[in-house]
Every structure is written in C-alpha cells, then in structure tokens.
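K.L.:
pasting the sequence and the predicted coordinates here, then a few questions.
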Amino acid sequence: MKLFSSHKRPMHLGPFPLERLPREEHPVPAGLTPARTNPSRPTPTGFAGIVRTYLDAFLACDEIPVASARVPLPDNPLEITNEMKSACYFLDASLAGVCELKQAQDSPDGAGERFALVLLTEHGRQPESDNFAAAWIGGAADECAALRGAEIATVIAGYIKQLGYSA
C-alpha cells in the first residue's frame, strides 16, 4: 500500500520521505568512530568471487585525471548538493547524502576536500531457498551491494573530475 505519492517529489529527495523525520543538531554521539571496511576479509568463492573481481576493477578506476580547467558552478551549495544527490538516485542508489567533514581531507590537487558524498546501496532480492540459483548466488548479497555502490561512486567521481574538481 502506498502511503505517500511521489508524483511531484523532487529527484534529489530520493525514494524515502526522510525529510519527514525530526532532525537533531548533532545526531552522532561524541566518541563514536565511523565503521571501516575490513580489507583483509576472506576472498569469496562462487558468484560472490566473480562479483569481487568486478568490484576490484571498479576500485582501480580511480586513475581518471582531474580536468585541467574548472567548470563554473552555481554559487548555491544546496543546488550543487541536490544535483549530485539526484545523479546518485538516477544511478539507483538507495540513499544519498552530503556532509561536511570536520577536517579537510588531503586531495591530489592539494585543494583539500571539505565535503563527502555518502551513498547507501541496499541488498537486492535473494532467491528463494527452493530456487536452483540459491546455492550459486547465496552469500553474494554483500558483494553485490558493494559492487553497485562502487559503480555509482566511480561514475559520480568521474563526473566530478570532469568538472575540474578532485574526487
């Protein structure tokens, strides 16, 4: 049952009506550190191993050079944010958001990156246990979601670099 119509919903707001939730000034309690992906996790087998091969290929695509000239962008940061989030949703991200980093991160061009584009990709539908593909595809949900996130991140980072900014 559909509770809210998305007919006139702006693209940058995504598929979920999160703007209806109450906001807090500092939602993350002090002392928490962000989770990190464990690079030493075991190499998956079967379908998950195949997906990992493609994931590694996308992660190696970070060699796209930054354009030599910067494209003039609107003065309104909210407009730029909405454009980036809309592009992520167009590429099928489950959720997309932009946040300001507490400390500027080093970037290849020495400019320092102040903002982060955060993507969330959900697990796809898994085959039923009596489906003959369940044994082959089962256990690959994490790898498939990571691959989808890497695809979106690679495309968006390439776009930002073509605009003349590091990503």
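P.N.:
Here it is on my side, so go on. In this text the structure is predicted, and so the values were computed from the model without any measurement.
K.L.:
longest helix of this structure?
P.N.:
helix 141-162 (DSSP state H).
K.L.:
list the contacts of that helix.
P.N.:
44, 48, 51-52, 54-55, 58-59, 61-62, 64-67, 84, 87-88, 91-93, 117, 119-124, 126, 166-167 (C-beta atoms under 8 Å, 6 or more residues apart in numbering). Backbone N, C-alpha and C define where each C-beta goes, glycine included.
K.L.:
so what's the gap between that helix and the chain middle?
P.N.:
Remark: helix 141-162 is offset 6 Å from the chain centroid, using C-alpha atoms, centre = their mean, to the nearest Å.
K.L.:
can you give me the strands in this structure?
P.N.:
95-105, 113-120 (DSSP state E).
K.L.:
please identify the most buried of those.
P.N.:
strand 113-120 (a mean of 15; mean count of other C-beta atoms under 10 Å).
K.L.:
packing partners of that strand?
P.N.:
Packing partners of strand 113-120 (3 or more C-beta pairs under 8 Å, 6 or more residues apart in numbering; DSSP states H and E): helix 77-90, strand 95-105, helix 141-162.
K.L.:
neighbours around Leu78, how many?
P.N.:
Using other C-beta atoms under 10 Å, Leu78 has 10 neighbouring residues.
K.L.:
to clarify, my last question referred to Cys88.
P.N.:
Residues lying near Cys88 (other C-beta under 10 Å) number 28.
K.L.:
likewise for Met84?
P.N.:
The burial count assigned to Met84 is 19, neighbours taken as other C-beta under 10 Å.
K.L.:
now do the contacts for the residue minimising distance to the centre of the chain.
P.N.:
Closest residue to the average C-alpha location of the chain: Leu119 at 2.6 Å, with C-alpha atoms, centre = their mean. Residues in contact with Leu119 (C-beta under 8 Å, 6+ apart) are 88, 93, 95-96, 149, 152-153.
K.L.:
let me have those residues in TSV, extended by distance to Lys8 and pLDDT.
P.N.:
Output for the contacts of Leu119, formatted as TSV (distance: C-beta to C-beta, whole Å; pLDDT from 0 to 100):
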residue	distance to Lys8	pLDDT
Cys88	20	94
Ala93	21	93
Leu95	20	92
Ala96	20	93
Gly149	29	90
Ile152	25	93
Ala153	29	91
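K.L.:
now, the most widely separated pair of the residues you listed?
P.N.:
Farthest pair in the contacts of Leu119 (C-beta to C-beta) is Leu95 and Ala153. Separation: 13.4 Å.
K.L.:
in space, what's closest to Leu55 - neighbours in sequence excluded?
P.N.:
Spatial nearest neighbour of Leu55, chain neighbours left out: Leu147 (4.7 Å); criterion: C-beta to C-beta, 6 or more residues apart in numbering.
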